[in-house]
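Colleague: kindly return the folded structure for what I paste below:
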Amino acid sequence: MVFKPTSIVDLNSQIAYTGQVIDGTTGVPMHGVLVCSFIPSEAIRQPVLSGSQWQAIHQIGPELDLADPALLPLKAVMPLEKVVLTDLEGRFSISLPPRGDYRRIILALQEGYMPTDITMPSQP
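Modeller: Now for the predicted structure:
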């Protein structure tokens, strides 16, 4: 899985992180990949989700709500700010408020693939 952030845009008090997730072997865009943002901390562990947990996440639909119980396994290992799914072309967009001098991690997760992340500035 290849994670290609394409831009960071300041949207008047919100920062939009946009990009695309593609299969690193085939180059095909990946639909339905879970893309998460969080501020890094010492307590973060690599998430390991079972098949049924993946199924529960994908049943939520494209508008993921951090309060949904299906996201509890992820919230247990990282301080999530926002979670989205990639569209049919593997594209995603996450809009968040600026966070001072902090850096954000944008993490792409998909069942059967190694997680991929990139550290991005939390200011435009």
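
Colleague: what comes up buried for whichever helix in the chain runs longest?
Modeller: Ranked by number of residues, the top helix in the chain under DSSP state H is helix 51-60. Within helix 51-60, the residues that count as buried by 16 or more other C-beta atoms under 10 Å are Q53, W54, A56, I57. The way it works is simple: take the backbone N, C-alpha and C, and place the C-beta from them, glycine included.

Colleague: mind saving the C-alpha coords of stretch 110-121 as CSV?
Modeller: Provided in CSV are the C-alpha atoms of stretch 110-121 (Å, rounded to 0.1, in the frame of the first residue of the first chain):
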residue,chain,number,x,y,z
GLN,A,110,-6.4,-1.9,5.3
GLU,A,111,-7.0,-5.5,6.1
GLY,A,112,-4.2,-7.7,4.6
TYR,A,113,-1.8,-4.8,4.1
MET,A,114,1.0,-3.3,6.2
PRO,A,115,-0.2,0.0,7.7
THR,A,116,1.4,3.1,6.1
ASP,A,117,1.8,6.5,7.8
ILE,A,118,3.3,9.9,7.2
THR,A,119,4.0,12.7,9.6
MET,A,120,2.6,16.0,8.5
PRO,A,121,2.7,19.6,10.0
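
Colleague: list the buried residues for it?
Modeller: Q110, T116, D117, M120.

Colleague: what's the neighbour count on P29?
Modeller: Applying other C-beta atoms under 10 Å, we find 16 residues neighbouring P29.

Colleague: filter the buried residues of stretch 110-121 down to the ones in strands?
Modeller: The members of the buried residues of stretch 110-121 that map onto strands under DSSP state E are T116, D117, M120.

Colleague: bridge partners for the first one, pull those for me.
Modeller: Each beta-bridge partner of T116 is listed here, defined by DSSP bridges: A108.

Colleague: mind checking how far it is from R91?
Modeller: Distance from T116 to R91, counting by C-beta to C-beta, to the nearest Å: 15 Å.

Colleague: break down the protein into its helices, ranges please.
Modeller: Under DSSP H, the chain gives helices at 51-60, 72-75.

Colleague: which other residues reach the shortest one?
Modeller: Translated: helix 72-75. With contacts defined as C-beta atoms under 8 Å, 6 or more residues apart in numbering, helix 72-75 is touched by L34, C36, P47, L49, Q53, L66, L80, V83.
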